[in-house]
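Asker: Test case, fold it:
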Amino acid sequence: MKVIQDINHPPLLPSVATIGFFDGVHRGHRFLINQVKEVAAKDGLCSSLITFPVHPRQVMQTTYRPQLLSSPQEKLELLETTKVDYCILLPFTHELSLLSAKEFMRMLRDQFNIRTLVIGYDHRFGHNRNEGFEDYCRYGEELDIYIVRARAYTDGEDKISSSVIRQLLKEGNVSRAAQFLGYNYYLDGTVVDGYKVGRKIGFPTANLKVDCPDKLIPSEGVYAVYVYVEGRKWAGMLNIGHRPTINNGTDLSIEVNILNFSDNIYHKEMRMEFVKYLRPEEKYDTVEALIAQMHKDREEAAQILL
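Answerer: Numbers count the residues shown, from 1 in each chain. Next up, the predicted model:
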């Protein structure tokens, strides 16, 4: 996949394209992208994805903070696995937002050599987004761009969308979110110093500082997770929360106890991959009660992961 970021790029080969933010690159996105590749293969054209490095709403509303399923870099890595020919990273600007759908389509034709446009079954674009599929077809005839309406994709009766996946993660339902994503949701970051309380009670933890400040953090609670450090995979139990029993801070902590692991990994990069929600974070009357529960959590996590 060739990533196009330079506005003055060399001419591209003619291609079939679709447009989207593609947050999370979930199964619904992949279904759409596969349709692009099918049309491209049938017509002997290249395949292209047109996306944006920053959420368009952030440009239009500077106070908006998205809750992303994938950081910009993670999104590119996921899109790479689709094996399309081009990924066009289009800077979303105020000027771009003012283009009508027809003006936008003309720009895609003239600047990126888009010959066919596959439109998501419920996707709208252009200023005010008040034009629909029939309008796009009419503009396409005028601009010599063939318009294809994509087939919808569902998981049984459930619609797959980034917003639905976000809601599942906010509810802690990481296993259902993984079914919709097509992979386990994960957080990438760096191991940082914590309060070091875990080691005092027999459960040393690695505290994660997430790389992307806009990445969605799943619901507070305890999870069974896989942990990746320096190319190796480990099982772990993760707590997201405020440590109410210990009462040693108000900041949200993301700390994992890695099973059968004792290496020093401070300041190293780590990925945590969510597998199953175990329970909500709770406040216990004593530290001893907390320790007893953590033993149960570790045993349950081991049964799931090992």
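Asker: low-confidence ranges in the stretch 201-306 of the chain?
Answerer: Scanning the stretch 201-306 of the chain for pLDDT under 70 picks out the ranges 201, 244-250.
Asker: again, only using 90
Answerer: Scanning the stretch 201-306 of the chain for pLDDT under 90 picks out the ranges 201-204, 242-252, 262-264, 282-291, 306.
Asker: Quick one: the helices in it, in order.
Answerer: For the stretch 201-306 of the chain, applying DSSP state H, counting those that start in this stretch gives helices covering 287-305.
Asker: now the strands: where do they sit in the stretch 151-300 of the chain?
Answerer: 154-155, 158-159, 186-192, 206-210, 221-229, 232-241, 253-258, 269-279 (DSSP state E, counting those that start in this stretch).
Asker: CSV for those strands, including distance to R124 and mean neighbour count?
Answerer: The way it works is simple: take the backbone N, C-alpha and C, and place the C-beta from them, glycine included. Shown next, in CSV, are the strands of the stretch 151-300 of the chain (distance: least, Cβ to Cβ, whole Å; neighbours: other Cβ atoms under 10 Å):
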stretch, distance to R124, mean neighbour count
strand 154-155, 20, 12
strand 158-159, 17, 12
strand 186-192, 31, 18
strand 206-210, 32, 19
strand 221-229, 37, 22
strand 232-241, 36, 20
strand 253-258, 37, 22
strand 269-279, 32, 19
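Asker: So for K2, which of those strands sits nearest?
Answerer: strand 186-192 (24.2 Å; Cβ to Cβ).
Asker: helices and strands around that closest one, which ones?
Answerer: The helices and strands touching strand 186-192, judged by 3 or more Cβ pairs under 8 Å, 6 or more residues apart in numbering; DSSP states H and E, are strand 206-210, strand 269-279.
Asker: Excluding its own residues, what touches that strand? List them.
Answerer: For strand 186-192, contacts defined as Cβ atoms under 8 Å, 6 or more residues apart in numbering pick out 71, 74, 206-212, 215, 217, 254, 265-274.
Asker: With distance to E80 added, can I get the strands of the stretch 151-300 of the chain in CSV?
Answerer: Listed next are those as CSV, based on distance: least, Cβ to Cβ, whole Å:
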stretch, distance to E80
strand 154-155, 24
strand 158-159, 26
strand 186-192, 16
strand 206-210, 22
strand 221-229, 18
strand 232-241, 21
strand 253-258, 27
strand 269-279, 17
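Asker: quick one, which of those strands is nearest to Q58?
Answerer: Nearest of these (Cβ to Cβ): strand 206-210, 18.0 Å.
Asker: now for that closest one, which elements pack on it?
Answerer: Using 3+ Cβ pairs under 8 Å, 6+ apart: strand 206-210 touches strand 186-192, strand 253-258, strand 269-279.
Asker: possible to save the helices and strands packed on strand 186-192 as CSV with distance to V59?
Answerer: What follows is the helices and strands packed on strand 186-192, written out as CSV (distance: least, Cβ to Cβ, whole Å):
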stretch, distance to V59
strand 206-210, 23
strand 269-279, 29
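Asker: between these, which one is nearest to H29?
Answerer: strand 269-279 (19.5 Å).
Asker: quick revisit: out of the helices and strands packed on strand 186-192, nearest to A40?
Answerer: strand 269-279 (32.3 Å).
Asker: Give me the helices and strands touching that closest one, please.
Answerer: Looks like strand 269-279 contacts helix 174-181, strand 186-192, strand 206-210, strand 221-229, strand 232-241, helix 287-305 (3+ Cβ pairs under 8 Å, 6+ apart).
Asker: Let me have these in CSV, extended by distance to M107.
Answerer: Formatted as CSV, those follow (distance: least, Cβ to Cβ, whole Å):
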stretch, distance to M107
helix 174-181, 32
strand 186-192, 34
strand 206-210, 35
strand 221-229, 41
strand 232-241, 43
helix 287-305, 49
